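Peer 1: turn this into a model:
(one chain, ligands or ions: 2)
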Amino acid sequence: MTTYTCSDCSMEVTSVTCGKCDSELEFKSISKDDGSTVGVSECTNGHGKIKSPMCCGHDMVAA
Ligand SMILES: [Zn+2]
Ligand SMILES: [Zn+2]
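Peer 2: Numbering: from 1, shown residues only. Ligands and ions are numbered 1, 2, ... in the order given. The predicted structure follows:
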């Protein structure tokens, strides 16, 4: 099970699941055009991706 952790306050959020197939979303870090990276959670069955949880103003990272 994936756990997202905030590096600032140690808040934890456990896995996010796909609304269509109910499987656990896979954490990915993708690069944007301006060179920054953004964390997303993507369905391994191709149902799309959502923004990863945020805390303290930045993306939470999957442990
Ligand atoms: Zn899915
Ligand atoms: Zn936080």
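
Peer 1: who's in contact with the spatially most central residue of the chain?
Peer 2: The chain has S52 as the residue nearest its centroid, 3.0 Å off, counting by CA atoms, centre = their mean. Contact analysis of S52 by CB atoms under 8 Å, 6 or more residues apart in numbering lists Y4, F27, V38, G39, V40, S41, D59, M60, A62. No exception for glycine: its C-beta is placed from N, CA and C like everyone else's.

Peer 1: with those in mind, which one is nearest to K20?
Peer 2: S41 (13.5 Å; CB to CB).

Peer 1: so that closest one sits against K49, correct?
Peer 2: Yes. Look at S41 against K49 with CB atoms under 8 Å: they come within range, at 6.2 Å.

Peer 1: give the residues shared as contacts by those two.
Peer 2: L25, K28.

Peer 1: who's more crowded, those two?
Peer 2: Applying other CB atoms under 10 Å to S41 and K49 shows that S41 carries more neighbours, namely 22 against 15.

Peer 1: the more buried one bridge partners, please.
Peer 2: Applying DSSP bridges to S41 gives these bridge partners: F27, I50.
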